[in-house]
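A.B. asks: Build me a structure from this.
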Amino acid sequence: MSATDHFSQDTTGLPESRATGIVDVAPGGLFELGIASVRKRIGDAEVRMLAYNGSVPGPTLRVAEGSEIEVDVVNEGDLEATVHWHGLRLDNRSDGTHETQAPIPIGGRYSCTVAFPDPGLYWYHPHIREDYGQEMGLYGNVIVEPADPEYWAPVNREWVLTLDDVLIEDGRIAPFSRSETSYAAMGRFGNVLLVAGEPELALEARQGDVVRLYLTNTANTRVFKVKLPGARMKLVGGDSGRCEREEIVEEAILAPSERVILDVLFERAGPLALEHHTPEKVYRLASIAVGDEPAEPSLAEAFEQLRSDPELCAEREGLDRHLSAEPDKTLAFVAEMDFDEPAGGAAAYTCPMHPEVVSEEPGRCPSCGMKLMAMTPTYMCPMHPEVVSEEPGRCPSCGMKLLPAHVAQAGGHHEHEHGEHEHGHDPENGHAHEHAGHEHGHDHAATGGIEWEDDMVEVNKITTPANTRWKLIDRSSDAANHDIAWQFRVGDRVKIRLVNEMDSDHPMHHPFHIHGAGRFLVLARDGEVEPNLVWSDTVLVRTGETVDILLEVTNPGRWMAHCHIAEHHESGMMFSFDVVEAEGAS
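C.D. replies: Below is the predicted model of the structure:
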């Protein structure tokens, strides 16, 4: 990737990013949305980013359930654009993809009508080179206020927080190619975590406050596991409104594009931290200072009530026939990776005593001094470099396709060099820390089937759609990606089985997203019935997992479905399907 192929990293003359605002838009009102470059301070770095209306995240819209507004988008960015209204069941013409509108050229504008039929938490982002635009800061939330004033329990205050990460190298956001997507294998992990666009977010609450926490994962690929030690969390909602039943939880897991709504009770005064937990590390996402002043009014008693949603309880009563039925569609998730041996099949050398020692040059083992022996050709796992083979195959530890040694060796087995910018902190001493007894690796049972970090950074960096192809495959026809030709009718309820196959060149998790043709319920995971229903548009399908969903089809038009790891769908892991009006509909 030559420097001339990069999008600009220059901050010269750019306006400074401003604070994210909340914009109340009345039914029928106009919202003007501008896309432009800004400069933003992230820790010690001042970086060029892209912003909606000058802020990262963009403005949070507050609108009424059942309303429609006009949106006028002006593109002063650095590539053509669309704005996708994620999770909203709206008119297909306003979905914001290249299949529903002409891309907005640089200097151009586009107007559309956006509808909000369902209460809950939604967001907007690009759908052209999303791997670039979203990483650079183009995302913002929408809160749809319910028509029923009793829909949500009362709270003292609300926090709207995006969860993100960004990759900073040498004081700049790491470069992006204009011509191709990189980090196609695992997605582009960042080394600085951002909450509401900030690396060091500080929040304040009062003793006894009940705070509604609106969380959206806007990261390209990172999954977040959110905890708040010292406070009590109650799960109340997800992608599209309330959960079937509220429940006290210790944590909430959000894959890219998923939303979670939590009510949090701060019972005691003192410092707390919102945290992200992985099997190896605890990252501080935000500090929270809980003051001695008592909350007014006190809502602790209301917090203890665990309410149920009548609509979803009624859905539960009718799910048996769908649970026992065969799926209408089966969709498999598969990767294909192609890396050729170097010309002439150049030799690799290894130590017979320490097979993890592999070199492109003759020499001696640094562990035991033994002369390295030639192996031609040699294959190895970039995530488990101790796995070396003279034959092609798969890694017995993680199932990944073994790559030629010269490719697997390119980066070795390590994470991003986080340095001073890493925003991962021990709540006690301000630093990231690893849990004792864990080794960075890919035991899918130990990690919950989730890739929490990038374990093959340099190999991942050189993966592009040319050497790594992500596929969604319709198992009834073996059609893949854009060759899939599904058609449904308004009013259909379609059972779709999502199979994340281990027989893949790189088994990993995928957040599967369906655009506004409807909404779905997760029925079961690996045959286990989903215990708490919520209307969703995205579901995390973990490594090796099978998930059954029930899609309620409501809106006609042509709609997309794809993996919401930005680099995966930019590498082809998406398709479109058609919805026609029901027979007899006018």
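A.B. asks: Now do the same contact list for the residue nearest the centre of the chain.
C.D. replies: Nearest residue to the geometric centre of the chain (C-alpha atoms, centre = their mean): Pro256, 1.2 Å. Contact analysis of Pro256 by C-beta atoms under 8 Å, 6 or more residues apart in numbering lists Asn217, Thr218, Ala219, Asn220, Thr221, Arg222, Val223, Pro511, Thr538, His564, Ile565, Ala566. Just so you know, the C-beta spots here come from the backbone N, C-alpha and C atoms, and that holds for glycine as well.
A.B. asks: do that again at 7 Å, thanks
C.D. replies: For Pro256, the contact set (C-beta atoms under 7 Å, 6 or more residues apart in numbering) comprises Asn217, Ala219, Asn220, Thr221, Pro511, His564, Ile565.
A.B. asks: Confirm it sits in a strand?
C.D. replies: No. Assigned with DSSP: H, G, I helix; E, B strand; the rest coil, Pro256 falls outside any strand and is coil.
A.B. asks: how close does it sit to Ile168?
C.D. replies: For Pro256, the distance to Ile168 equals 19 Å [C-beta to C-beta, to the nearest Å].
A.B. asks: same check, this time on Thr218
C.D. replies: From Thr218 over to Ile168 the distance is 17 Å, taken as C-beta to C-beta.
A.B. asks: Kindly report the same for Gly34.
C.D. replies: Gly34 is 25 Å from Ile168, where distance means C-beta to C-beta.
A.B. asks: the more surrounded of the two?
C.D. replies: Legend: neighbour count by other C-beta atoms under 10 Å for Gly34 and Ile168, higher for Ile168 (24 against 16).
A.B. asks: pLDDT below threshold where in this protein?
C.D. replies: For the chain, the stretches with pLDDT under 70 are 1-3, 339-348, 351-355, 368-371, 373-378, 380, 390-391, 404-444, 585-586.
A.B. asks: just so I have it, where are all the helices in it?
C.D. replies: 130-133, 300-304, 310-317, 320-324, 405-408, 457-462, 566-570 (DSSP state H).
A.B. asks: other SSEs contacting the longest one?
C.D. replies: Right, helix 310-317. Applying 3 or more C-beta pairs under 7 Å, 6 or more residues apart in numbering; DSSP states H and E, one finds that helix 310-317 contacts strand 241-249.
A.B. asks: now the strand it packs on, how far from the centre of its chain.
C.D. replies: Taking C-alpha atoms, centre = their mean, to the nearest Å, the mean C-alpha location of strand 241-249 is offset from the chain mean by 22 Å.
A.B. asks: quick one: that strand to helix 310-317, angle?
C.D. replies: Interaxial angle of strand 241-249 relative to helix 310-317 (axes from the mean of the first three to the mean of the last three C-alpha atoms, to 10 degrees): 80 degrees.
A.B. asks: Pull the residues that contact strand 241-249.
C.D. replies: The contact list for strand 241-249 (C-beta under 7 Å, 6+ apart) reads 118-120, 232-237, 306-309, 312-313, 316, 532-535.
A.B. asks: Only the buried subset of the residues you listed, as a PyMOL command please.
C.D. replies: Remark: buried members of the contacts of strand 241-249, expressed as a PyMOL selection using 16 or more other C-beta atoms under 10 Å:
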select buried, resi 118+119+120+232+233+234+235+236+237+307+309+312+316+533+534+535
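A.B. asks: Which of the contacts of strand 241-249 fall within strands?
C.D. replies: Using DSSP state E, the subset of those located in strands is Gly120, Arg232, Met233, Lys234, Leu235, Val236, Gly237.
A.B. asks: Format these as JSON lines; extra columns: distance to His127.
C.D. replies: Shown next, in JSON lines, are the ones in strands among the contacts of strand 241-249 (distance: C-beta to C-beta, whole Å):
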{"residue": "Gly120", "distance to His127": "21"}
{"residue": "Arg232", "distance to His127": "38"}
{"residue": "Met233", "distance to His127": "32"}
{"residue": "Lys234", "distance to His127": "34"}
{"residue": "Leu235", "distance to His127": "29"}
{"residue": "Val236", "distance to His127": "29"}
{"residue": "Gly237", "distance to His127": "25"}
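A.B. asks: what about Glu275, how many neighbours?
C.D. replies: 22.
A.B. asks: what do you get for His84?
C.D. replies: Applying other C-beta under 10 Å, we find 21 residues neighbouring His84.
A.B. asks: Break down the stretch 401-550 of the chain into its strands, ranges please.
C.D. replies: 403-404, 433-434, 468-474, 479-480, 487-489, 493-500, 510-514, 518-525, 528-529, 538-541, 546-553 (DSSP state E, counting those that start in this stretch).
A.B. asks: Tell me what angle the third one forms with strand 510-514.
C.D. replies: Read that as strand 468-474. Orientation of strand 468-474 against strand 510-514 (the same axes, to 10 degrees) gives an angle of 50 degrees.
A.B. asks: Name the residues that touch strand 468-474?
C.D. replies: Under the criterion C-beta under 7 Å, 6+ apart, residues 184-185, 329, 331-337, 480-481, 484, 563, 568, 571-573, 575 lie in contact with strand 468-474.
A.B. asks: Can you list the strands that that strand pairs with?
C.D. replies: strand 329-337 (antiparallel), strand 479-480 (antiparallel) (DSSP bridges).
A.B. asks: Run through the residues that contact Glu267.
C.D. replies: Contacts here follow C-beta under 7 Å, 6+ apart; on that basis Glu267 touches Gly208, Arg232.
A.B. asks: Can you tell me how far it is from Ala205?
C.D. replies: 11 Å.
A.B. asks: Give me the number of neighbouring residues for the closest residue to Asp454 other than its chain neighbours.
C.D. replies: In this structure, Asp454 finds its nearest non-sequential neighbour in Phe189, 4.1 Å apart by C-beta to C-beta, 6 or more residues apart in numbering. Here the number of neighbours of Phe189 (other C-beta under 10 Å) works out to 22.
A.B. asks: Out of the contacts of Pro256, flag the one nearest to Pro362.
C.D. replies: Nearest to Pro362 among the contacts of Pro256 is Thr221, at 38.6 Å by C-beta to C-beta.
A.B. asks: Might one say that the closest one is in contact with Met186?
C.D. replies: Yes. If you go by C-beta atoms under 7 Å, Thr221 and Met186 touch, sitting 6.5 Å apart.
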